[in-house]
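[1] Could you look at this predicted model? Sequence included:
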Amino acid sequence: MKEEFIMGTDFIQDSDTTRCISNCLGTSRACLEALHHVHSKKGIHVSGKVMELLQLTADTCQLSARMMIANLDFHHQSCELCFEICKATAAECAKYGEDELLVCAAELCRRCAKTCADMAGMTVFASARVSQEASSSHP
């Protein structure tokens, strides 16, 4: 007789956790698609930094999603890292506004950063930092 393993049967995930998992998985996929797009398209030239960030963001988002799914106590730390790397990737991808997939990846990274900041308990800190960065970029 074959045993079935059903993930998540030992706890109930709240809607914030479910939303964060979904955003992490969607962002990971978008970053991998954008990375493949950049590698396969001859007309677009992006920096090595963008390609590295896309790969690292995909990996970090996957890690955060897996930690939340497993309900590990330290998923907050992975969400904090995910927030930071998604924010950096969004900023870099946004520089390529003419490329639809990179713009999409930037938007999904921003959304993922928001939900990961919330999951990490960084809501006030993250909002203050984003506001501070925005005011320092305008002379």
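    Everything's here; your move.
[2] can you give me the helices in the protein?
    Along the chain, counting by DSSP state H, helices occupy 15-40, 48-69, 75-94, 100-119, 123-137.
[3] would you list those in JSON lines and tack on mean neighbour count?
    Every residue, glycine included, has its C-beta placed from N, CA and C. As requested, these are arranged in JSON lines below (neighbours: other Cβ atoms under 10 Å):
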{"stretch": "helix 15-40", "mean neighbour count": "19"}
{"stretch": "helix 48-69", "mean neighbour count": "20"}
{"stretch": "helix 75-94", "mean neighbour count": "22"}
{"stretch": "helix 100-119", "mean neighbour count": "22"}
{"stretch": "helix 123-137", "mean neighbour count": "11"}
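[4] And the ones you listed, which one averages the lowest pLDDT?
    The stretch with the lowest mean pLDDT among those is helix 123-137, which comes in at a mean of 48.
[5] can you tell me how far Met67 sits from Gln77?
    Remark: distance between Met67 and Gln77 (Cβ to Cβ, to the nearest Å) = 9 Å.
[6] Give me the neighbour count for Ile44.
    Neighbour count of Ile44, defined by other Cβ atoms under 10 Å: 14.
[7] Apologies, that question was intended for Phe74.
    8.
[8] Pull the contacting residues for it.
    Residues touching Phe74, when contacts are defined by Cβ atoms under 8 Å, 6 or more residues apart in numbering, comprise Met67.
[9] could you check the distance from Arg110 over to Val103?
    When Cβ to Cβ is applied, the distance between Arg110 and Val103 equals 11 Å.
[10] does Cys24 really touch Arg111, like I thought?
    No: Cys24 lies out of contact with Arg111 (Cβ atoms under 8 Å); the separation is 10.1 Å.
[11] State the distance from the closest residue to Glu92 other than its chain neighbours to Met67.
    In space, and not counting its chain neighbours, Glu92 is closest to Val50: 4.9 Å by Cβ to Cβ, 6 or more residues apart in numbering. Distance check for Val50 against Met67: by Cβ to Cβ, it reads 26 Å.
[12] How about Glu80: what's its closest non-neighbour residue?
    In space, Glu80 is closest to Ala120, 4.1 Å off (Cβ to Cβ, 6+ apart).
[13] and the one you found, what pLDDT?
    According to the predicted model, the pLDDT of Ala120 comes to 88.
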